[in-house]
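> Okay, structure incoming, though there's no sequence with it:
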């Protein structure tokens, strides 16, 4: 038996450099908000129930990866009807997203032989993908595929052409869309229709294999030797290279999990959008009038576009946003977006003999529910002990949050020499009166206090940029030193230094980081950097190369005050000797100054002069998880002031604490959020916090 237990954050790679392997980072279960004992119980249960491979990931990290004897991470596993999701469902969704087809297009638009058949010509792509077309399946209860005869036997023998057999010989049993009837032949017809649509559209990819390779596998960095579809070949049907989507797929568990992780992230992978959220949501819409039979031993989910959903809560103990693909032998991919949870299982049927009448019972009771139950109710605990100085921060009620500059976000902020705050906004038009067009990088200055501030946009031909999301440069940190503004522009490859000597009206663009430092932010002191404890400026950043990923820790760099513009003057934190930091001039030597696996995204830092403490704000994700950590020096040792996996305001991000707006009793947080909430937190949001100090000893 081969068992991989991930007890520390690590890179999972094969010892041989070629061919490439799908890479996953691991993390201890507790750091991901998972119960290690329950995961081990799940592994033991699956090992005793026919599993050959089991992978559990959360927040993009592997918490458990296990293989039975003779199996390993490099070995592809047969996916059976899970291919209906990984091949049929994904291909259909991509083509709908591209405008090549529509969900409710009649399949006969591309299947010419069906146009003369009154029932077949009415069948839609949606019905083929959701098993509601009425097309008879090539199955007979009590008989194996090898025992079938006639057209059904020919279909499973794939001799000479299962696609042609399904199109020609499978009859329609009922009015399309009126009932559920599981149909492998329906998926065969879907494969043909999608391939014909690709050709008719003159698409760059002319078959489903090439479509998935270009649009899904390559962006997800899944190498060719870790997946195959269609029984390893295309069937020439009417001159079209048609791949099977009802079965015949083989994927390594890591490859399958990588697809699941992309789906859990709402179709995004890093800075790329694989599936747009609207298309992904539509992929999971089912026909409530045509559901499979459900019993106490077979809680069958709703069939969607090649996938199955738990939207009506038929799976006890599993969130309603969960969805899955599944095949014979209980091959499955489970995705629970609300928990950031992905589960892959391959092997033999959990209940011994494969039976449709109770297929879903073991799947839920022995895999889905235990996996969900392993999620700790409060999520991951804070990674550092409690602060010795601050007992808590009590936030004002949501109704007291001041919201301004709607539909703009980001808001790094610094205290200027004239007393105002200077900031930058992204993906919006700034403060009212709004600028005439949406900017990815705009500027503003803010006068007054947190309750009575006024703001004005600062226009700059050299400093403004456009482009949505990751496609547009944005400022991650801004600082005034000796009357000069400095800023880091992310989404420019590696983050790039900028500076302005006229308070933001004109900007000079300087050097870029060579690696990491995806979203750097300056450590803030008082007005114009007053109160700095030495002659350096300090910069913190998540450790990876993308501002849209959650990394395992935070890096720290510094430069002398009078040499900020010189890349060679910068040095990087590499560790400590006692309480003193050690530094290197090589960015390759940089080590994390703060760590929390899978919980380091965008950061901010400020020195609290009254308390003599450094405050590090770390966003864990874009879903409302974040924390404040304090230390007596810029490099620690860190303790926890505030930690939450969800502070109840929806998908918030970008947490900033202006030094100007804090004292020993109160601070005011700037943050942004989602335009899907009410009120709309995709804005300049200010929330008061009351500092609860610990008694001095």
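Happy to help now that I have it. Note that the structure is predicted; figures quoted are calculated from it, not measured. Numbering: from 1, shown residues only.

> Any buried residues in stretch 389-405, and which?
389-390, 393, 395-396, 401-402, 404-405 (16 or more other C-beta atoms under 10 Å). Where C-beta positions appear, they are placed from N, C-alpha and C, glycine not excepted.

> Which member of those is positioned nearest residue 674?
Top of the list for closeness to residue 674, among those and by C-beta to C-beta, is residue 401 at 13.9 Å.

> Check the spacing between that closest one and residue 671 real quick.
Here residue 401 is placed at a distance of 9 Å from residue 671 (C-beta to C-beta, to the nearest Å).

> Now for these two: what residues contact both?
681, 685, 687 (C-beta atoms under 8 Å, 6 or more residues apart in numbering).

> Quick one: residues contacting the last one.
Meaning residue 687. By C-beta under 8 Å, 6+ apart, residue 687 lies in contact with 395-396, 400-402, 668-669, 671.

> Make JSON lines out of these and add distance to residue 362.
Written out in JSON lines, the entries for those read as follows (distance: C-beta to C-beta, whole Å):
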{"residue": "395", "distance to residue 362": "45"}
{"residue": "396", "distance to residue 362": "49"}
{"residue": "400", "distance to residue 362": "50"}
{"residue": "401", "distance to residue 362": "47"}
{"residue": "402", "distance to residue 362": "53"}
{"residue": "668", "distance to residue 362": "53"}
{"residue": "669", "distance to residue 362": "48"}
{"residue": "671", "distance to residue 362": "44"}
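
> Just the ones of these in strands?
With strands identified by DSSP state E, the entries of the contacts of residue 687 that belong to them are 395, 402, 668-669, 671.

> domain ranges for the chain?
As recorded under automatic domain parsing, the domains making up the chain are 1-21+30-52+67-75, 77-331, 390-405+482-693.

> could you redo the ones you listed as JSON lines and give each row mean pLDDT and distance to residue 415?
What follows is these, written out as JSON lines (pLDDT from 0 to 100; distance: least, C-beta to C-beta, whole Å):
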{"stretch": "domain 1-21+30-52+67-75", "mean pLDDT": "75", "distance to residue 415": "35"}
{"stretch": "domain 77-331", "mean pLDDT": "96", "distance to residue 415": "31"}
{"stretch": "domain 390-405+482-693", "mean pLDDT": "96", "distance to residue 415": "5"}
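
> Which residue ranges of the stretch 251-400 of the chain form strands?
Shown for the stretch 251-400 of the chain, the strands assigned by DSSP state E, counting those that start in this stretch span residues 268-269, 272-273, 302-303, 308-309, 323-327, 331-336, 341-347, 390-395.

> Strands along the stretch 551-697 of the chain, start to end?
According to DSSP E, counting those that start in this stretch, the stretch 551-697 of the chain carries its strands in the segments 551-560, 571-577, 580-584, 594-600, 603-608, 613-619, 626-631, 639-644, 653-656, 666-672, 684-693.

> Any idea which of those gets closest to residue 544?
strand 551-560 (4.0 Å).

> who does the closest one touch, helix- and strand-wise?
strand 536-542, strand 571-577, strand 594-600 (3 or more C-beta pairs under 8 Å, 6 or more residues apart in numbering; DSSP states H and E).

> Which among those is found nearest to residue 217?
Nearest to residue 217 among the helices and strands packed on strand 551-560 is strand 594-600; the distance by C-beta to C-beta comes to 23.5 Å.

> got a list of contacts for the closest one?
Counting contacts by C-beta under 8 Å, 6+ apart, the residues touching strand 594-600 from outside are 9, 25, 27-28, 31-32, 58-61, 380, 383, 540, 542-543, 550-554, 616, 618, 620-621, 625, 629, 636, 638.

> quick one: low-confidence ranges for the stretch 351-500 of the chain?
354 (pLDDT under 70).

> Which parts of it are helices?
Along the stretch 351-500 of the chain, the segments classed as helices by DSSP state H, counting those that start in this stretch run 360-363, 369-373.

> Tell me who's in contact with the residue lying closest to residue 513 once chain neighbours are set aside.
Of all residues not flanking residue 513 in the chain, residue 494 sits nearest, at 4.2 Å (C-beta to C-beta, 6 or more residues apart in numbering). Applying C-beta under 8 Å, 6+ apart to residue 494 gives the contacts 512-518, 545.

> Which of those residues fall within strands?
residue 512.

> Quick check: of the contacts of residue 494, which lies closest to residue 182?
Distance to residue 182 across the contacts of residue 494 (C-beta to C-beta) is lowest for residue 545, with 44.3 Å.

> That closest one contacts residue 520, correct?
No: under the contact definition of C-beta atoms under 8 Å, residue 545 does not touch residue 520, with a separation of 11.8 Å.

> And those two? Which one has more around it.
For residue 545 and residue 520, the more surrounded residue by other C-beta atoms under 10 Å is residue 520, and the numbers stand at 27 against 18.

> now the residue nearest to that one when sequence neighbours are not counted: how far from residue 488?
The spatially closest residue to residue 520, leaving aside those adjacent along the chain, is residue 541, at 4.0 Å (C-beta to C-beta, 6+ apart). Going from residue 541 to residue 488 by C-beta to C-beta gives 8 Å.

> anything in contact with each of these two?
With contacts defined as C-beta under 8 Å, 6+ apart, the residues shared by residue 541 and residue 488 are 476, 495, 519-521.

> From the contact counts, what lies against the lengthiest helix in the chain?
Of all segments of type helix in the chain, defined using DSSP state H, the longest is helix 184-201. With contacts taken as 3+ C-beta pairs under 8 Å, 6+ apart, helix 184-201 sits against helix 90-97, helix 125-129, helix 150-157, helix 162-169, helix 208-212, strand 240-242.

> Residue 349: which of the ones you listed is closest?
Using C-beta to C-beta and comparing these, the one that lies nearest residue 349 is helix 150-157, at 18.4 Å.

> ok, now how distant is the residue at minimal distance from the centre of the chain from residue 678?
Closest residue to the average C-alpha location of the chain: residue 265 at 2.8 Å, with C-alpha atoms, centre = their mean. Spatial separation of residue 265 from residue 678 under the definition C-beta to C-beta is 24 Å.

> And residue 620, by the same measure?
Between residue 620 and residue 678 the computed distance is 24 Å (C-beta to C-beta).

> Check residue 492 too.
Using C-beta to C-beta, one obtains 34 Å as the distance from residue 492 to residue 678.

> which of the two has more neighbours?
With other C-beta under 10 Å as the criterion, residue 492 and residue 678 differ in neighbour count, and residue 492 comes out ahead with 17 against 7.

> what would the helices and strands packed on strand 551-560 look like in TSV with distance to residue 425?
Rendered in TSV, the data for the helices and strands packed on strand 551-560 read as follows (distance: least, C-beta to C-beta, whole Å):
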stretch	distance to residue 425
strand 536-542	20
strand 571-577	30
strand 594-600	23
